[in-house]
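>>> this is a predicted model, with the sequence first.
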Amino acid sequence: MPPSAPARADRRRALLGAAALLAVLGLLVWWLLPARDSAPHGRVAFSTGVPSGVYQRYGDLLKEALAQDLPGLTVTLRDSEGSQENLARVSEGGADFTIATADAVATYMLNSRPGAQRLRGCARLYDDYVQLVVPAGSRIRSVEDLRGRRVGVGQPGSGVRLVADRILTAAGLDLEKDVMPVSAGIDTVPDQLKEKKLDAFFWSGGLPTNAVQKLSERMDIRLVPLGGELVRRLHASGGTSLYYRSAAVPADAYPRAQQGQPVATIAVANLLVTTERTDPGLTEAFTRTVIDSRDRIGREVHSAQLVDLRTAIYTDPLPLHEGSRRYFRSAKP
């Protein structure tokens with residue numbers, strides 16, 4: 001006997017209900033799986049800096065933050081001499097992300113170094129402060145007083161070397177002729193100053209730099225004032241020197257070295273750098289972790305506390321990477 005009309009209606013409603021349930025389940029699966037599958041995974045290399053430098057410590061802490069936020073991503077840290085080597089390494093494919101000062105980036109681009117046009121900015125981070133460190137009893141009171149002295153000027157591939165050369169030139173000194181330059185980084189110059197193998201050393205980094213802080217606890221040191229007329233002369237030379245600005249080392253950066261007084265100096269911005277070849281999804285997630293981990297990292301690297309969402313988007317002289325652009329659009333208040 002054929003089913004009655006009410007039975008056929010019940011069956012139709014049951015089929016429609018099942019179809020609707022399957023559709024809802026399908027949408028849920030579609031919605032959940034892409035989110036899981038699109039999370040960045042694989043391996044990336046991050047080029048940092050010299051041991052005991054701020055770049056290195058920042059990289060260590062950022063790696064920990066990335067492990068929490070992006071568990072499918074394996075991050076390898078690579079030591080370097082500093083900004084100049086970092087840029088060459090990323091441009092040539094030896095690393096995926098790095099940190100470099102804006103003046104080093106501008107110089108790299110101006111000199112049309114290999115891969116310069118592929119470089120992209122992810123975020124403006126914190127400022128580096130130039131520090132000229134001498135023993136407290138030294139007669140060195142200005143950059144001009146470095147004539148004939150043994151001076152740590154950073155390693156050849158560092159941003160320290162770049163800015164030290166320019167500051168000496170602005171003061172009327174030639175790095176190779178008028179001082180006795182020592183190519184060494186922040187991992188070794190404190191000991192050399194303490195052992196009287198150096199009369200002074202340049203350093204450019206976030207505040208406070210741990211190696212300088214520890215040195216101030218081992219011996220009496222002093223920061224030589226920079227800035228003022230030096231900045232005017234740097235700006236007068238034009239070009240990439242325009243990325244320097246007058247600043248002050250706060251009185252509490254190195255309490256034992258500054259006797260409660262701020263010290264005039266020169267500052268330059270640090271940028272998080274990658275290339276146009278880096279996947280936008282990876283770059284977006286990487287940038288998000290950098291911004292979101294500001295407070296976590298800042299508890300140990302105090303300069304990282306200065307990373308600001310409102311200014312991080314300004315990566316001049318580099319164009320902003322598309323992935324980072326996506327992040328900043330989504331992060332608007």
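Structure's in. What do you need?
>>> hmm, residue 291 and residue 312 touching each other?
Yes - with contact defined as C-beta atoms under 8 Å, residue 312 and residue 291 form a contacting pair (6.3 Å). Just so you know, the C-beta spots here come from the backbone N, C-alpha and C atoms, and that holds for glycine as well.
>>> quick check: neighbours shared by the two?
Jointly contacting residue 312 and residue 291 under the rule C-beta atoms under 8 Å, 6 or more residues apart in numbering are residue 123.
>>> mind checking which of those two has more residues around it?
More crowded of residue 312 and residue 291, by other C-beta atoms under 10 Å: residue 312, with 24 against 19.
>>> so what's that one closest to, chain neighbours aside?
Using C-beta to C-beta, 6 or more residues apart in numbering and skipping residues adjacent in sequence, the residue nearest residue 312 is residue 123, 4.3 Å away.
>>> give me the number of residues near the one you found?
Quick note: residue 123 (other C-beta under 10 Å) scores 27 neighbours.
>>> so it sits against residue 310, correct?
No - using C-beta under 8 Å, residue 123 makes no contact with residue 310, being 11.6 Å away.
>>> domains in the protein, by residue range?
Here the domain assignment for the chain is 41-126+271-330, 128-269, based on automatic domain parsing.
>>> for the chain, give me the ranges with low pLDDT.
1-38, 333 (pLDDT under 70).
>>> tell me where this structure has strands.
Applying DSSP state E to the chain gives strands spanning 42-47, 73-78, 97-101, 119-135, 150-152, 180-182, 200-205, 221-223, 245-249, 263-275.
>>> redo the ones you listed as a markdown table? Include distance to residue 296.
Formatted as a markdown table, the strands of the chain follow (distance: least, C-beta to C-beta, whole Å):
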| stretch | distance to residue 296 |
| --- | --- |
| strand 42-47 | 17 |
| strand 73-78 | 15 |
| strand 97-101 | 17 |
| strand 119-135 | 15 |
| strand 150-152 | 32 |
| strand 180-182 | 36 |
| strand 200-205 | 20 |
| strand 221-223 | 29 |
| strand 245-249 | 25 |
| strand 263-275 | 16 |
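>>> of all those strands, which one is nearest residue 231?
Judged by C-beta to C-beta, the one of these that comes nearest to residue 231 is strand 245-249, at 4.8 Å.
>>> name the surrounding residues that touch the closest one.
127, 129, 131, 207, 223, 227-228, 231, 258, 262-268.
>>> chain neighbours aside, what residue packs nearest to residue 185?
Closest residue to residue 185 apart from its sequence neighbours, by C-beta to C-beta, 6+ apart: residue 50 at 3.9 Å.
>>> residues in contact with that neighbour?
Taking C-beta under 8 Å, 6+ apart, we find residue 50 in contact with 56, 79-82, 155, 158, 185-187.
>>> swap in residue 54?
With contacts taken as C-beta under 8 Å, 6+ apart, residue 54 has the following neighbours: 128, 205-206, 209-210, 301, 303.
>>> next one: residue 169
Residue 169 sits in contact with 175, 237, where contact means C-beta under 8 Å, 6+ apart.
>>> quickly note the distance from it to residue 178.
10 Å (C-beta to C-beta, to the nearest Å).
>>> with residue 283 instead?
For residue 283, the distance to residue 178 - C-beta to C-beta - is 44 Å.
>>> who's more crowded, these two?
More crowded of residue 283 and residue 178, by other C-beta under 10 Å: residue 283, with 27 against 18.
>>> ok, the more buried one touching residue 328?
No - the pair residue 283 / residue 328 is not scored as a contact, 11.4 Å apart, by C-beta under 8 Å.
>>> among the contacts of residue 54, which pair sits farthest apart?
128 and 210 (14.4 Å).
>>> so which of the two has more stuff around it?
The residue with more neighbours, out of residue 128 and residue 210, is residue 128; 29 against 18, by other C-beta under 10 Å.
>>> the residue lying closest to that one once chain neighbours are set aside bridge partners, please.
In space, and not counting its chain neighbours, residue 128 is closest to residue 204: 4.7 Å by C-beta to C-beta, 6+ apart. On DSSP bridges, the residues paired with residue 204 through beta bridges are residue 130.
>>> what's the burial count for residue 204?
So residue 204, with other C-beta under 10 Å, has 33 neighbours.
>>> mind listing what residue 253 touches?
207-208.
>>> list phi and psi for it.
phi -70, psi -50 (degrees, to the nearest 10).
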